[in-house]
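>>> Sharing a sequence plus its predicted fold:
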Amino acid sequence: MNAINQSGWRPERPAGAGEGAPTSTGNKALMLEEPLIFEIGDERTAGVDFAEGDVHHDRLGGLTRKAPIGLPGLSEPETVRHYTRLSRQNYAIDLGLFPLGSCTMKHNPRLNEKMARLPGFADVHPLQPVDTVQGALGVIDELAHWLLELTGMQAVAMTPKAGAHGELCGILCIKAALEAKGEGHRRVILVPESAHGTNPATAAFAGFTVEDIPATAEGRVDTDALKARLGPDVAGVMITNPNTCGLFERDMKAISDAVHAAGGYVYCDGANFNAIVGRVRPGDLGVDAMHINLHKTFSTPHGGGGPGAGPVVLSAALAPFAPLPFVERDAGHLRLVEEETAGEHHGQSFGRMVAFQGQMGMFTRALTYILSHGADGLRQVAEDAVLNANYVLRRLEDVLDAPFAASGPCMHEALFSDDGFPEGFSTLDVAKGLIDEGFHPMTVYFPLVVHGAMLVEPTETESKAALDQFIDALRSVAERAKAGDQSLKTAPHFAPRARLDETQAARKPVLVWKEPAPEQQAAE
Amino acid sequence: MRYLPLTGHDRHEMLSIIGAHTIDDLFVDVPEAARLSGPIAGLPTHMTELAVERHMTALARQNLVAGEAPFFLGCGAYRHHVPASVDHLIQRGEFLTAYTPYQPEIAQGTLQMLFEFQTQVARLLGTDVANASMYDGSTACWEAIGMARRITRRAKAILSSGLHPHYVSVAKTMARYTGDQLDAAAPELTAETDIERLISAVDDDTSCVVVQYPDILGRIADLRPLADACHAKKALLIAVVTEPVAMGALVSPGEMDADIVVGEGQSIGVGLQFGGPYVGLFGCKEKYVRQMPGRLCGETRDADGRRGFVLTLSTREQHIRREKATSNICTNSGLCALAFSIHMTLLGEAGLRRLAGLNHAGAVRAAERLAKVSGVEIVNETFFNEFTLRLPREARPVVRQLADRRILAGVSLGRLYPGEEALRNGLVVAVTETTTPEDVEALATNLEEVLA
């Protein structure tokens, strides 16, 4: 049965797509064009009422603002309408399957939002006396306990603000540990060529030299090449496991042992922890540091690109170097170890990475999510995530090239490529075609080790029916690409915008709105 | 489990389509020694929504809520009233549960919002351009120092003693690894800022001078002479704004010719949240745009000629440039940027100016009242909504004693500058539109009693 339309009805191909009588507004029923606030607001209007009272500027040291700032205001109803209209031009998990590989776009439970908004968490200042924030420190402590148990590690640095920030934290711990041993001369970090771009960027930022390690034909780290490169100049490795090809690095423990034997440390990019949570503990694989994207595995919302949170779990070897501040339990009382108190036991800390205590709002959400699932539910999360990905892989490998399908089961994401497409058709066309079918595209052109990569991560929060719909849609688009259907080249046809000119945007960047010149206004 | 839609029947059917007998067959690549045979022992199992709510609420109740006490803390995080519509709008699923707008045709909502945000931030800070946000003010500040190094090819940054000590700590941490040389000092408990010292310290090796406006003690100084001094030596002036509401009352740093202006945007639209998530603001002069860190949204046209927006200049970024990127940043603070932008739209020019005026007026009245407490002096001559008291004795225990009386009195400098004897009597007090005259009176009378 066709799962796209339960009735069995299927539309004609979009021969006349987008045609029809043009409207005077540019709107198309529910698809509403929305101007910029600078075009509809003005500097006298406000959507906020203020208390009466005198206002004077007597202590500003002669720097009182006189010139206008240029900030348009809207009344509350206009504001609500503006942003509601904008929101409807976005795809979102709440609307449908969002199979971005490596991004773990799972359902965001609304209980998490509700808990983060309890005044006891939302309306607490980061510098309040610690006696007045024992519950907030309690959230951090309890979440830290879960993260340590789930990973089998010794310590956790909670303050990093995102995955890449967590990577930096782990790499700085490694650097500090090497310096403490008098081995600051180790300057090389080995990074597999399939790694996320943040890995080499992070290592370089911390002053390391980055060297690529090749992948094997089956999509894993070339262990022999890696071992051969180890030596007295190597500070460590950064490995993603499960890796970006969607495969578990079988040799991880052996790699860790070899790196340790050579005097280096093992950083694991934990972006893909969702595949193994509750089934494998990275600590059992010899990992020294791993960041955990709370916005991936533990479902804090992505919010259109953040905020995230990237706590880093650490081995006993790296724990002494963890950044400040952190929470410590002291006979039932929780205290915050800051610069002042660090000297007693934590003099080796590499310092502070952020103002304050980290992404508290994300901690609250992640802890809520973890408690909802419990140890049993989290294990089921990994199992269903992996099951869903393998289901997609096996249902589509006949129509799309799956370069590592023969390597065995995938983990939580299925990797395809555009190999076999006719001249002129590529992954991009499939992605844009999927948009017309009502799905967000998968991650495209990543990992770089596969030409024309399409990385599909369905996550565990998709039902079988949703997967079947997606599979049928992707199959149909792939078949059109293989048949050379030219309409794909101009897709999407039904999105709020057609393909956007990114070259023009980069050539002469327009990053802020400017009042149009008068003659242009007259012309419009 | 309420968040997992697969049924036992689904799982069975899917496994058979895959050609696997059990779920364990899909984990064959995990070495046996590392496979966990069941749920990790000692951890609780799944809970109902009601049970989780009870657990979390019990934790929340252990905190003294800022809104339930006379409250005077600032120093980089400020309590302002956020209109209800802001939180409603950021919880629209299309904003909340969207990803970074990599597919611009179906992410115009996020992209147009970011373009509006960038414009609002640039105007507020007085810069030509702004990016789509950073993690927070402290990381934005460090990224600005790194950007100045890339532009000037010099590695010495001079930090004002009035820069938030956490921001200084973050910069020091990073500088240890990047080789930047930082010239930093603790502030003095005086009415004057260290602008004169900074002006005389700029030399031919200086990449940038970093100055906070208003500074950590609340003081305000004209940045124009410092900008001139920097530019005479071809160094950059980086200004840091931790209280963006102040821009409604003050000339902005960009208008005083700062080259890069960064800030903490938390004050507008984003609550206190015990320190995060917040939203870093980052603006600069147009000529430096290609050295900026972080995401940028730009205007373009679609194939049908309609205006649209995309992420742009990504050749600066890690996913393209890898180890040669301007920064390792992948995430921004999109949802907090949205909250900022909505709140700023509700305020508009008139509202922001009125809000700033109310903050300043309230602070002036509070300073006048607190100056009457015996033994207490106001350090500042200039301030916006935050000023520093010199108490007759160490401030930190006083803050604790007042907290026992359910008054959150401010931030003691002893907390921020452990070990700095000269600062230990300092107490930084912030006053916003949420502070009532009764709150001020409660602080004044209790402070009098505690000090007596």
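Here it is on my side, so go on. Bear in mind the structure is a predicted one, so any value in this text is a computation, not a measurement. Numbers count the residues shown, from 1 in each chain, chains lettered A, B, ... in the order given.
>>> Look up the pLDDT of residue A:11 for me, please.
You'll see residue A:11 listed with a pLDDT of 56.
>>> So which residues of the chain form strands?
Went with chain A since none was named. A:155-157, A:188-192, A:209-213, A:234-240, A:265-269, A:289-291, A:312-314, A:326-330, A:333-337, A:414-416, A:443-444, A:454-456 (DSSP state E).
>>> Correction: the question concerned chain B.
Using DSSP E, strands in chain B cover B:129-130, B:156-159, B:181-183, B:206-212, B:236-241, B:260-264, B:280-284, B:297-301, B:307-311, B:377-378, B:386-390, B:411-412, B:426-430.
>>> Tabulate the strands of chain A (TSV), appending mean neighbour count, mean pLDDT and distance to chain B.
All C-beta spots, glycine's among them, are computed from the backbone N, C-alpha and C. Below are the strands of chain A laid out as TSV (neighbours: other C-beta atoms under 10 Å in any protein chain shown; pLDDT from 0 to 100; distance: least, C-beta to the nearest C-beta, whole Å):
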stretch	mean neighbour count	mean pLDDT	distance to chain B
strand A:155-157	24	97	12
strand A:188-192	25	95	8
strand A:209-213	17	94	5
strand A:234-240	26	96	11
strand A:265-269	28	96	12
strand A:289-291	31	98	12
strand A:312-314	30	98	14
strand A:326-330	17	91	11
strand A:333-337	17	93	10
strand A:414-416	30	97	11
strand A:443-444	22	96	8
strand A:454-456	26	97	12
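>>> looking at these, which is closest to residue B:220?
Of all the strands of chain A, it is strand A:333-337 that lies closest to residue B:220, at 30.7 Å by C-beta to C-beta.
>>> elements contacting the closest one?
Counting contacts by 3 or more C-beta pairs under 8 Å, 6 or more residues apart in numbering or on different chains; DSSP states H and E, strand A:333-337 packs against helix A:134-151, strand A:326-330.
>>> Need the winner for burial among the ones you listed.
Ranked by mean neighbour count, the helices and strands packed on strand A:333-337 are led by helix A:134-151 with a mean of 22 (mean count of other C-beta atoms under 10 Å in any protein chain shown).
>>> okay, the angle between it and strand A:265-269?
Interaxial angle, helix A:134-151 versus strand A:265-269 (axes from the mean of the first three to the mean of the last three C-alpha atoms, to 10 degrees): 110 degrees.
>>> Work out the gap between helix A:134-151 and the centre of the chain.
Centroid displacement of helix A:134-151 relative to its chain, using C-alpha atoms, centre = their mean, to the nearest Å, is 22 Å.
>>> what's the answer for stretch B:87-95, then?
That offset, for stretch B:87-95, works out to 21 Å (C-alpha atoms, centre = their mean).
>>> buried stuff in that stretch?
B:87, B:89-90, B:92-95 (16 or more other C-beta atoms under 10 Å in any protein chain shown).
>>> Can you tell me which of these is nearest chain A?
residue B:93 (3.0 Å; C-beta to the nearest C-beta).
>>> Excluding chain neighbours, what is closest to that closest one?
residue A:94 (3.0 Å; C-beta to C-beta, 6 or more residues apart in numbering or on different chains).
>>> wait, doesn't the one you found sit right on residue B:91?
No - in this structure residue A:94 lies outside contact range of residue B:91 using C-beta atoms under 8 Å: 10.4 Å.
>>> ok, the closest residue to chain B within chain A - contacts?
Closest contact between chain A and chain B, by C-beta to the nearest C-beta, is at residue A:73 (1.6 Å). Counting by C-beta atoms under 8 Å, 6 or more residues apart in numbering or on different chains, residue A:73 touches A:41-47, B:345-351.
>>> just so I know, which of the strands of chain A lies nearest residue B:173?
strand A:155-157 (12.3 Å).
>>> Low-confidence ranges, the stretch 1-150 of chain A, go.
Residue ranges of the stretch 1-150 of chain A with pLDDT under 70: A:1-20.
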